[in-house]
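> The sequence isn't on hand, but the structure is:
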């Protein structure tokens, strides 16, 4: 399990379970529950690269980032060090 502490969004952190570059489980701690549960169901079972390309640079209000964008950032860091 890998934990990423988010920056600039409502969720506080993201827990990731990754096996062979495939996202097995994701849990957002905090944030907009309904939207984040939907994102979870849509991306589980997909590859890290597919998720990054889908979610990177999605904004939320005027924050310059979003929970999906923070997830993409977390996955890019994971790829760099895994």
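Arrived safely. In this text, all values refer to a predicted model and were calculated from it rather than measured experimentally.
> Contact partners for residue 58?
Residue 58 makes contact with 66, 68, 69, according to CB atoms under 8 Å, 6 or more residues apart in numbering. Yep, even glycine has a C-beta here, placed from its N, CA and C like the rest.
> Quick test: name the residue nearest the centre of the chain.
residue 71 (2.1 Å; CA atoms, centre = their mean).
> Tell me how far the helix or strand encompassing that residue lies from the chain's centre.
For residue 71, the host element (DSSP states H and E) is helix 67-81. Offset of helix 67-81 from its chain centre (CA atoms, centre = their mean, to the nearest Å): 6 Å.
> go on, stretch 75-82?
Centroid separation for stretch 75-82 versus its chain: 12 Å, with CA atoms, centre = their mean.
> What are the contacting residues of it?
Contact with stretch 75-82 is made by 2, 4, 16, 18, 21, 23, 48, 51, 52, 56, as judged by CB under 8 Å, 6+ apart.
> Just the closest of those residues to residue 35, please.
Within the contacts of stretch 75-82, the smallest distance to residue 35 is 15.7 Å, found for residue 51 (CB to CB).
> Quick check: closest non-adjacent residue to the closest one.
In space, and not counting its chain neighbours, residue 51 is closest to residue 43: 5.1 Å by CB to CB, 6 or more residues apart in numbering.
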